[in-house]
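Trainee: here is the input, now give the coordinates:
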Amino acid sequence: MIRPVIGARGWPFYPGSSMKGIFRRACTIEQTERYCGKDIKAGDFQPGILRFHGGYPTSDTWQEKLVDIVHPQQDWQVKDDKKSAGAFVQISLYKPELIFGISSTITLKASEWETIWNIWEKALSTGIGCRVCAGYGQPEQHTGELIYRVQIQGQGQVSKQLDGTGEFRPNIFRAALRGHALRIFGIECILLSDYFKTRKNPINQCPKKLINI
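Mentor: Residues are numbered from 1 along each chain as shown. Sure, this is the predicted structure:
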């Protein structure tokens, strides 16, 4: 997990507000209103029944492999052709084990608590913290609805650590997988566009399978 929030005594943690944010995204509308709150009349807000207490390391092993190296390239790739950036030291937690806290303002049945924790596991699958698209903040096991999954196999050059051992960096494959996914989704969009052009009322006549794509 890259760039964690550091507490007053030097321990990293995942804020409860951030925890509530990704939990809210994984909820249905009804679950959002019950667990996280909803807007009411006169611009007021009714709080939800859940309280999110954040996530904290279960041990001091988070101090191992604490330093990461980042190479910002936005100025060079987007703004101009002058590469002024270099390698910078960045704090990141390497495979930390975190414990998360959720409480309720009312007494809940065990079955509803199971639903709440299932929602939280689904929320975790989207990643926590910064740069989740580059592999940071991802759980070991993903739950919920996966939009796209591929498997890769091959050989080639690999980055190495200072001691000479190989190092796998997920962000190396990000551009390749993104391009592959966009080509597949692009073909489906073209097929949908051609399908809609041939019908006066495409939403009502379009097969359910196509609507869900």
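Trainee: how far away from the center of its chain is stretch 88-100?
Mentor: 15 Å (C-alpha atoms, centre = their mean, to the nearest Å).
Trainee: run through who's touching that stretch.
Mentor: When contacts are defined by C-beta atoms under 8 Å, 6 or more residues apart in numbering, stretch 88-100 is touched by residues 1-4, 6, 12, 14, 19, 53-59, 61-62, 64-72, 120, 136. Just so you know, the C-beta spots here come from the backbone N, C-alpha and C atoms, and that holds for glycine as well.
Trainee: quick one: residue 66 from residue 8, how far?
Mentor: Using C-beta to C-beta, to the nearest Å, one obtains 18 Å as the distance from residue 66 to residue 8.
Trainee: over to residue 40?
Mentor: 36 Å.
Trainee: of those two, who's got more company?
Mentor: More crowded of residue 40 and residue 8, by other C-beta atoms under 10 Å: residue 40, with 9 against 5.
Trainee: tell me the phi and psi of the nearest residue to residue 159 once chain neighbours are set aside?
Mentor: Leaving aside its sequence neighbours, residue 159 sits nearest to residue 167 (C-beta to C-beta, 6 or more residues apart in numbering; 4.9 Å). Dihedral angles of residue 167 (phi, psi; degrees, to the nearest 10) stand at phi -130, psi 130.
Trainee: report pLDDT for residue 167.
Mentor: Per-residue pLDDT puts residue 167 at 74.
Trainee: pretty sure it sits against residue 69.
Mentor: No - applying C-beta atoms under 8 Å as the test, residue 167 and residue 69 come out as separate, 10.8 Å apart.
Trainee: do you have the helices of the protein handy? List them.
Mentor: Using DSSP state H, the helices of the chain run over residues 16-25, 29-35, 74, 110-124, 174-197, 202-205, 208-211.
Trainee: ok, back up a step: now the buried members of the contacts of stretch 88-100.
Mentor: 1-4, 12, 14, 19, 54-57, 62, 70, 120, 136 (16 or more other C-beta atoms under 10 Å).
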